[in-house]
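>>> Whatever this is, show me its structure:
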Amino acid sequence: MNSSPKRKLAAIMFTDIVEFSRVMGENENRAITILENQETLLSPLIDKHNGNLIKKTGDGYLLEFDSSVEAVECAISIQNAIKLFNKNKDNLEFHIRIGIHLGDIIVLGNDILGDGVNIASRIEPLANPDGICLTDAVYQSVKSKVDIDARRIKEVDLKHIDDKYTIYKVPNENLDNILDKGNATQNKKIKILNQEYDSSALSRWLKTMSNFLIIFWFSGILGYISGRIVAGKPVTIFDFLNPIKALENMPIPFLFCLLIIFFISAIFSYMVMRRKTKIIFDDIRDVENMLGILIVSMGYSFVCQNGKELEYTHNSFESLNFTKWKLKIPWMRKIESLIMKIDGNTLTIEGINMSLSKLINTFKNYTQQ
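Modelled structure (predicted):
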């Protein structure tokens with residue numbers, strides 16, 4: 001007789017070996033040895049933390065824990081054990097990702113089903129190699145009991161899951177450390193769902209141009225007043241409000257120079273106006289991958305972080321002292337800086353139009369829609 005299903009609250013863990021399919025395709029014996037090493041390392045740790053192995057999913061494990069604390073402690077122990085194992089050069093190196101969710105499950109015989117299992121399986125691929133990904137439910141239940149430093153990411157879309165989720169990635173590595181590990185791939189096409197510029201490009205350009213037009217207008221007034229003074233005519237307050245007459249009284253060469261300045265100002269203001277572009281990725285991991293391409297490969301360096309915003313500045317062909325000096329000048333810092341903001345699988349980039357256009361052109365070489 002089949003056992004009747006029952007519901008329970010449990011911590012669900014999924015594990016997966018990074019790039020195992022590639023290893024299997026290249027060398028089956030190597031892949032089998034890695035699986036054997038994984039089982040040797042993981043089995044005693046799972047037993048130690050009272051984990052219940054539901055099933056093996058090829059190169060991964062589906063585990064169930066009655067306690068989210070034990071699940072997280074087990075995950076940390078597993079990653080530490082693998083890191084120690086990999087330090088021995090005689091061993092076949094491998095890396096895994098781990099995802100943990102605390103939720104309602106259905107126990108059906110020796111298997112488990114339900115949204116709790118589905119969510120855990122969706123967040124596991126979001127973990128970095130050697131890392132752990134937790135849902136908010138897990139993090140809130142363990143944060144006062146387990147010493148972990150996690151990076152919080154809000155509004156994450158999970159495949160075939162209607163609701164957005166807040167996740168926590170352990171360890172809390174900054175972007176530069178992640179990129180140094182080679183997490184950014186140069187060969188794989190990154191899939192995006194949508195990309196759009198802000199809708200205020202014209203208003204931003206007109207605002208920038210207005211500053212140059214004011215200078216142009218005052219130049220015309222100055223020319224008109226100068227012409228009246230040279231001609232020995234009186235100058236009144238109304239002369240400051242009459243740019244048309246000012247232009248009429250200007251010498252032709254001076255007027256021609258002002259027109260050239262005006263057109264140059266129009267082009268320059270278009271180049272330096274600040275714009276935003278929003279990019280929505282199919283895979284949350286590609287956000288960091290793309291930052292690696294756009295920032296590291298194009299000569300930008302990290303300046304500071306303000307909440308969710310990351311500031312970078314261009315430092316190619318200049319000394320470190322010059323970079324430090326320009327960051328102290330507000331208008332120069334504003335022209336040079338790129339502001340990045342990450343919300344789940346959405347990346348927002350703000351910068352001057354010239355820099356942003358260059359970044360987007362580079363971006364196109366690595367993406368597909």
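>>> hey, where'd the helices end up in the chain?
Under the criterion DSSP state H, the chain contains helices at 20-26, 28-48, 68-86, 115-123, 136-142, 175-180, 201-230, 243-249, 252-272, 285-294, 320-327, 330-336, 353-364.
>>> between these, which gets the lowest average pLDDT?
For the helices of the chain, the weakest mean pLDDT is recorded on helix 175-180, namely a mean of 44.
>>> wait, what's in contact with residue 139?
Under the criterion of CB atoms under 8 Å, 6 or more residues apart in numbering, the contact list for residue 139 reads 150, 168. Heads up, the C-betas are built off the backbone N, CA and C, glycines and all.
>>> how close does it get to residue 232?
Computed as CB to CB, to the nearest Å, the residue 139 to residue 232 distance reads 81 Å.
>>> same check, this time on residue 361
Residue 361 sits 58 Å away from residue 232, going by CB to CB.
>>> Which one's more surrounded, the two?
Under the criterion of other CB atoms under 10 Å, the comparison of residue 361 against residue 232 puts residue 361 first, with 9 against 6.
>>> And that one, how far from residue 26?
Separation of residue 361 from residue 26 (CB to CB): 35 Å.
>>> just residue 113 next, same as before
Counting by CB to CB, the gap from residue 113 to residue 26 is 35 Å.
>>> Compute the number of surrounding residues for residue 263.
Residues near residue 263, counting by other CB under 10 Å, number 9.
>>> Apologies, that question was intended for residue 42.
So residue 42, with other CB under 10 Å, has 21 neighbours.
>>> so what's it up against?
Counting by CB under 8 Å, 6+ apart, residue 42 touches 15, 61, 78, 81.
>>> Next, give me the two most distant ones among these.
Spatial extent of the contacts of residue 42 (CB to CB) is set by the pair 61 and 81 at 13.9 Å.
>>> So which of the two has more stuff around it?
Neighbours per residue (other CB under 10 Å) separate residue 61 from residue 81, with residue 61 holding more: 23 against 15.
>>> Now that one: closest residue in space that isn't a chain neighbour?
Nearest residue to residue 61 in three dimensions, chain neighbours excluded: residue 15, at 4.6 Å (CB to CB, 6 or more residues apart in numbering).
>>> distance of that neighbour from residue 361?
Separation of residue 15 from residue 361 (CB to CB) stands at 39 Å.
>>> now do residue 103
43 Å.
>>> ok, residue 94 - contacts?
17-18, 20, 34, 37-38, 82, 86.
>>> Looks like residue 123 contacts residue 137 (just checking).
No. Using CB atoms under 8 Å, residue 123 makes no contact with residue 137, being 11.1 Å away.
>>> if we can go back for a sec, and the contacts of residue 42, which is closest to residue 53?
For residue 53, the nearest member of the contacts of residue 42 is residue 61. The distance, counting by CB to CB, is 6.4 Å.
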